[in-house]
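**Q** Pasting the sequence and the predicted model now:
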Amino acid sequence: MGRFLHTHFIVVTMSPAPSRIRGVLRTIERGFLFEAGDGHVWRVEGAEPYAHLADHPVVVEAYRRTPTLLELLWAGEDQQP
C-alpha cells in the first residue's frame, strides 16, 4: 500500500538574530512602515500593539525576514536625543 509522506516546515529567516534599529514607526492604509535612521523603509508585521508609538522616534527589535520586511518583537520610545 501507499506510504504517507511527512513534510516538515522550516522557518527561514534572513537574519539569525534579531536586529535593534532606531527610527520612526508610521501607519499607512495597509498596516505599518518603519523608517530607519539610515533612510531604509521597511514594512512591519506585528506592530498593532505599538500603534500608540506611531510618528514618534522609537527603537525596535525585529527579525529581518526579507530586505523590505521586519517581523517586530518589541518597540519602545527612543530615549536618545
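**A** That came through fine. Numbers count the residues shown, from 1 in each chain.

**Q** tell me which element the spatially most central residue of the chain is part of?
**A** By CA atoms, centre = their mean, the mean C-alpha position of the chain lies nearest to Leu70, the distance being 2.6 Å. Taking DSSP states H and E as the definition, Leu70 sits inside strand 69-77.

**Q** Give me the residues contacting that strand.
**A** Applying CB atoms under 8 Å, 6 or more residues apart in numbering, the external contacts of strand 69-77 come out as 18, 21, 25, 34, 42-47, 50, 53, 56-65. Placement of C-beta: from N, CA and C, glycine included.

**Q** try it again with 6 Å
**A** The list of residues contacting strand 69-77 from outside it, by CB atoms under 6 Å, 6 or more residues apart in numbering, reads 18, 34, 42-47, 50, 53, 58-63, 65.

**Q** Point out where this structure drops to low pLDDT.
**A** Within the chain, the ranges that satisfy pLDDT under 70 run 1-15, 81.

**Q** Do a quick rundown of the strands in it.
**A** Here the chain has its strands, by DSSP state E, at 19-28, 31-36, 41-45, 57-66, 69-77.

**Q** Could you list the buried residues of the first one?
**A** Across strand 19-28, burial judged by 16 or more other CB atoms under 10 Å covers 21, 23-25.

**Q** Just put those in TSV and tack on distance to Asp38.
**A** Formatted as TSV, the buried residues of strand 19-28 follow (distance: CB to CB, whole Å):
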residue	distance to Asp38
Ile21	9
Gly23	8
Val24	12
Leu25	16
